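>>> take a look and give me a structure for this.
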Amino acid sequence: MAPATHFTPSQAHAAAAASHHPPAAAAAAATATATARLHASAPAPAAATVLCPPFLAAGSHSSAACPPVQNPIFSGPAAPWVVQPQRAAASALGPEFRRARSTKNISKRNNRGPGAQDRGGRASSAAAGRCVDKLLRVAPEDRRALGVSLSSFRGELVSPDDYCHVLRELGDRDKSAPRALEVFHAALPLVGNGSVDKGKLLTAAIGALGKMGRPDLARRAFETGIAGGYGKTVFAYSALISAYARSGLANEAMGVLESMKGAGLRPTTVTYNAVIDACGKGGVDLRFTLGYFRQMLRDGLCPDRKTFNSLLSACSRAGHLEDARAVFDEMIHLGIGRDIYTYNTFIDAICKCGNIELAMQVLLDMEAKKVKPNVVTYSTLIDGYSKLEKYDEALKLYEKMKSLGIKLDRVCYNTVLSIYVKTGKYGEIAIVRCNNFEDAALLLEQLRLLDNFVYGVAHGLLMGHQEIWSQAQSLFSQLGRMDSSTSSAFYNALTDVLWHFGQRQGAQLVVLEGVNRRVWENTWSEFCLDLHLMSCGAAQAMVHAWLLNVRSIVFAGRAMPEFLSILTGWGKHSKIAGASTLRHVIEALLNSIGAPFQVERFNIGRFVSPSAVVAAWLKESGTINILLLNDERAQHHANTSNLVTRLQGLQL
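Numbering: from 1, shown residues only. As a prediction, this is how the structure comes out:
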């Protein structure tokens, strides 16, 4: 039998009110029950199996696959919510923090959709939206133009909420933090002299700059507010802590909390949530993070969903599965609703421990509770299967994801692409492989839907724009931070789309860039070319580049081995042995350019030639013109003018 719950007078009143007004007071009853449990003196169950949610514990043996963390700190008598001072935490909350706060914006991959209302349910005026659009068209460094643009809406914007909306929208839609900082300074004289209105504007500016990953500029704005006499507010301090938390700067966030207390301000639930979030993202020891949670309870503050989501995230980052299960279980007992972020974080913690069966059970519970899985959910599960080398299960999940109409994001795209590379199933997905112009067109369209930056680079190279190459270099640098299989898959796909659109020079430049950055491991050597890991377009461009390099060796008079080799593979992974698409493509290419290579007698996936014969061919006067690639887009223009026109008109 469950231990009796003891209510304080204020909690009992809230529970009684709920019985008379169920629709209006359900939240109050939940708060009363939650607070009573948080301050109950009875110890919580110590066993991890008891902490496991009922839907996971019943008939499940999958948890044995993951060794439990030694002495989980969120379970048993040591759990922070077991023994607490008897205080009515709910009554201590200010009215602005009593309502539930959504955590849908915590994850960087859960983006805020267009047309959303301003925070707190306040609707902004139409003029605020037009103002944002105008500011985004002004160069970030043009301070005067930014000020003039903002002032031109002075008669239409309703102070200060519209100005706050402008800053928040810049935080959501813009990448230029200096522009947001300049707009903040330009807006200060427009909202009047009241410290309250300026304080609201300051909080919005700090939040926007934090979203942009510039806590240094957020700090600068905060110090402006302190110097101006309107920055010494709980809201400004909490916003600055959140700005540091977004960048994982835990020490700085904790320092702001201490200075806030030193200024005589009392931290709120929002403040502690931001500090706990910062500790989790900053890799602070979980027990240290727990200290802030205990301090929060001692201050009489009631944790909300954001609090537990941040604790759950800290457990996940630390790899403490049992602690994550304890936090998740406590949310159930307290009646705190679990949102998409809660489930995604919990699934991530389970997958990090390798317990994919348990993660799938959580997915089922998620669907039963009417919480719709999103791309982050499936990406996490697909990656979990991939790490266990259960590729078939991962691809089944990918197919389910597609059937539900969930679009890929960059992380999921990379994960799926990597799986197809590892399994060699290029033919089953239009995005590692293009065999013709239509496939390349499909790939380009998929890139547009997936990622505007990647699409923009591909489109610029396709059109032969020389100025796009600096952006391409930036993209290649980003690819260098990925794992080798995913990086090579991107190069393969990008080269394929260029090759089959007839942009052969661009394809060769991308291939050479890949060689210089060692994208294809063990692919390039001076006298043996291994094309196993390359797509058809990339491999053909590589053959031209490799033969040009051999030609330079010949004319330099350097010694060469007796034979030169080109390896393609013979199709041992295909359903019909020898049916290697790449082998047939390279054989056709070598024949078309007259290269004196023949299929090796005992290896049909290898083309060989005596180096003396190749040298003689390379010295012929016409060979250089054959090897130098030319732009062949004009050949496609007659049949594809409508498609190219449509692609040119797309907004990047």
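
>>> now do the strand or helix carrying residue 412, average pLDDT.
Element membership for residue 412, per DSSP states H and E: helix 410-423. Throughout helix 410-423, pLDDT has a mean value of 70.

>>> the chain: strands as residue ranges?
Taking DSSP state E as the criterion, the chain contains strands spanning 528-530, 563-567, 598-600, 603-610.

>>> quick one, which of those gets closest to residue 301.
Closest to residue 301 of the strands of the chain, according to C-beta to C-beta: strand 528-530, at 62.0 Å. For glycine as for every other residue, the C-beta is placed from the backbone atoms N, C-alpha and C.

>>> packing partners of that closest one?
Applying 3 or more C-beta pairs under 8 Å, 6 or more residues apart in numbering; DSSP states H and E, one finds that strand 528-530 makes contact with helix 536-555, strand 563-567.

>>> could you list the low-confidence segments of the stretch 1-150 of the chain?
1-71, 73-78, 81-124 (pLDDT under 70).

>>> swap the cut-off to 80 and go again
Residues of the stretch 1-150 of the chain meeting the criterion pLDDT under 80: 1-124.

>>> can you redo the strands of the chain as JSON lines with mean pLDDT and distance to residue 584?
Written out in JSON lines, the entries for these read as follows (pLDDT from 0 to 100; distance: least, C-beta to C-beta, whole Å):
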{"stretch": "strand 528-530", "mean pLDDT": "90", "distance to residue 584": "17"}
{"stretch": "strand 563-567", "mean pLDDT": "92", "distance to residue 584": "13"}
{"stretch": "strand 598-600", "mean pLDDT": "89", "distance to residue 584": "11"}
{"stretch": "strand 603-610", "mean pLDDT": "89", "distance to residue 584": "11"}
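
>>> columns mean neighbour count and distance to residue 163 on top of the ones you listed, output as TSV?
TSV is the format used below for those (neighbours: other C-beta atoms under 10 Å; distance: least, C-beta to C-beta, whole Å):
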stretch	mean neighbour count	distance to residue 163
strand 528-530	20	60
strand 563-567	20	64
strand 598-600	15	72
strand 603-610	18	66
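
>>> gap between the two ends of stretch 606-620?
From the first residue to the last, stretch 606-620 extends over 25 Å; the measure is C-alpha to C-alpha, to the nearest Å.

>>> list of residues touching it?
Residues from elsewhere that reach stretch 606-620 (C-beta atoms under 8 Å, 6 or more residues apart in numbering): 527, 547, 550-551, 554-555, 560-568, 586-587, 590, 594-600, 623.

>>> in the stretch 101-250 of the chain, which spans are helices?
Listed from the start of the chain, the stretch 101-250 of the chain has helices (DSSP state H, counting those that start in this stretch) covering 126-136, 143-151, 161-173, 177-187, 195-211, 215-228, 234-246, 250-262.

>>> helices along the stretch 251-400 of the chain, start to end?
Remark: helices of the stretch 251-400 of the chain, listed N- to C-terminal, are 269-281, 286-298, 305-318, 321-334, 340-352, 356-368, 375-387, 391-403; assignment by DSSP H, counting those that start in this stretch.

>>> wait, which of those helices is closest to residue 462?
Nearest to residue 462 among those is helix 391-403 (26.2 Å), distances taken as C-beta to C-beta.

>>> what angle sits between that closest one and helix 375-387?
Our comparison of helix 391-403 with helix 375-387, counting by axes from the mean of the first three to the mean of the last three C-alpha atoms, to 10 degrees, yields an angle of 160 degrees.

>>> dump helix 391-403 to CSV, restricted to CA.
Included here for helix 391-403 are C-alpha records, laid out as CSV according to Å, rounded to 0.1, in the frame of the first residue of the first chain:
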residue,chain,number,x,y,z
TYR,A,391,21.4,-1.6,-39.6
ASP,A,392,18.3,-3.4,-40.8
GLU,A,393,16.4,-2.4,-37.7
ALA,A,394,17.7,1.2,-38.2
LEU,A,395,16.5,1.3,-41.8
LYS,A,396,13.1,-0.1,-40.8
LEU,A,397,12.7,2.9,-38.4
TYR,A,398,13.8,5.2,-41.2
GLU,A,399,11.1,3.8,-43.5
LYS,A,400,8.5,4.2,-40.7
MET,A,401,9.6,7.8,-40.2
LYS,A,402,9.1,8.5,-44.0
SER,A,403,5.7,6.8,-43.9
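
>>> which strands or helices does that helix pack on?
Counting contacts by 3+ C-beta pairs under 8 Å, 6+ apart, helix 391-403 packs against helix 375-387, helix 410-423.

>>> return the most buried member of those helices.
Relative to the other members of the helices and strands packed on helix 391-403, helix 375-387 carries the highest mean neighbour count by mean count of other C-beta atoms under 10 Å, namely a mean of 23.

>>> what packs against that helix?
Counting contacts by 3+ C-beta pairs under 8 Å, 6+ apart, the secondary-structure elements packed against helix 375-387 are helix 340-352, helix 356-368, helix 391-403, helix 410-423.

>>> mean confidence for the third one?
Think helix 391-403. The predicted model assigns helix 391-403 a mean pLDDT of 89.

>>> now do the buried residues in it.
Going by neighbour count (16 or more other C-beta atoms under 10 Å), the buried part of helix 391-403 is 391, 393-395, 397-398, 401.

>>> from the residues you listed, pick the one nearest residue 364.
Here the nearest of the buried residues of helix 391-403 to residue 364, counting by C-beta to C-beta, is residue 397; it sits at 12.9 Å.

>>> with adjacent residues omitted, what lies nearest to that closest one?
Spatial nearest neighbour of residue 397, excluding adjacent residues (C-beta to C-beta, 6 or more residues apart in numbering): residue 382 at 5.2 Å.

>>> for the one you found, give me its contacts.
394, 397-398, 401, 412, 415-416, 419.

>>> pick out the most distant pair among those.
Pairwise distances across these (C-beta to C-beta) peak at 12.9 Å, for the pair 401 and 419.

>>> ok so, going back, would CSV of the helices of the stretch 101-250 of the chain with mean neighbour count be doable?
Putting the helices of the stretch 101-250 of the chain into CSV (neighbours: other C-beta atoms under 10 Å) gives the following:
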stretch, mean neighbour count
helix 126-136, 17
helix 143-151, 16
helix 161-173, 23
helix 177-187, 22
helix 195-211, 24
helix 215-228, 19
helix 234-246, 26
helix 250-262, 18
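
>>> let me have those helices in CSV, extended by distance to residue 534.
Listed next are the helices of the stretch 101-250 of the chain as CSV, based on distance: least, C-beta to C-beta, whole Å:
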stretch, distance to residue 534
helix 126-136, 41
helix 143-151, 48
helix 161-173, 39
helix 177-187, 40
helix 195-211, 40
helix 215-228, 43
helix 234-246, 39
helix 250-262, 44
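
>>> tell me which of these lies nearest to residue 539.
With C-beta to C-beta as the measure, helix 161-173 is the member of these nearest residue 539 (40.8 Å).

>>> which other helices and strands contact that closest one?
For helix 161-173, the helices and strands in contact under the criterion 3+ C-beta pairs under 8 Å, 6+ apart are helix 126-136, helix 177-187, helix 195-211.

>>> mind putting the ones you listed in TSV, distance to residue 227 included?
Putting these into TSV (distance: least, C-beta to C-beta, whole Å) gives the following:
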stretch	distance to residue 227
helix 126-136	25
helix 177-187	13
helix 195-211	11
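
>>> and residue 283, which of the ones you listed is closest to it?
helix 195-211 (18.8 Å).

>>> how close does the closest residue to residue 515 other than its chain neighbours sit to residue 539?
Excluding its sequence neighbours, the residue lying closest to residue 515 (C-beta to C-beta, 6+ apart) is residue 524, at 5.0 Å. Here residue 524 is placed at a distance of 12 Å from residue 539 (C-beta to C-beta, to the nearest Å).

>>> looking at those two, which is more packed in?
Ranked by neighbour count (other C-beta atoms under 10 Å), residue 524 and residue 539 place residue 539 first, with 27 against 21.

>>> now do the more buried one against residue 529, distance only.
9 Å.

>>> for residue 143, give its distance to residue 157.
When C-beta to C-beta is applied, the distance between residue 143 and residue 157 equals 19 Å.

>>> again with residue 312
Spatial separation of residue 312 from residue 157 under the definition C-beta to C-beta is 39 Å.

>>> nice, that's everything, thank you.
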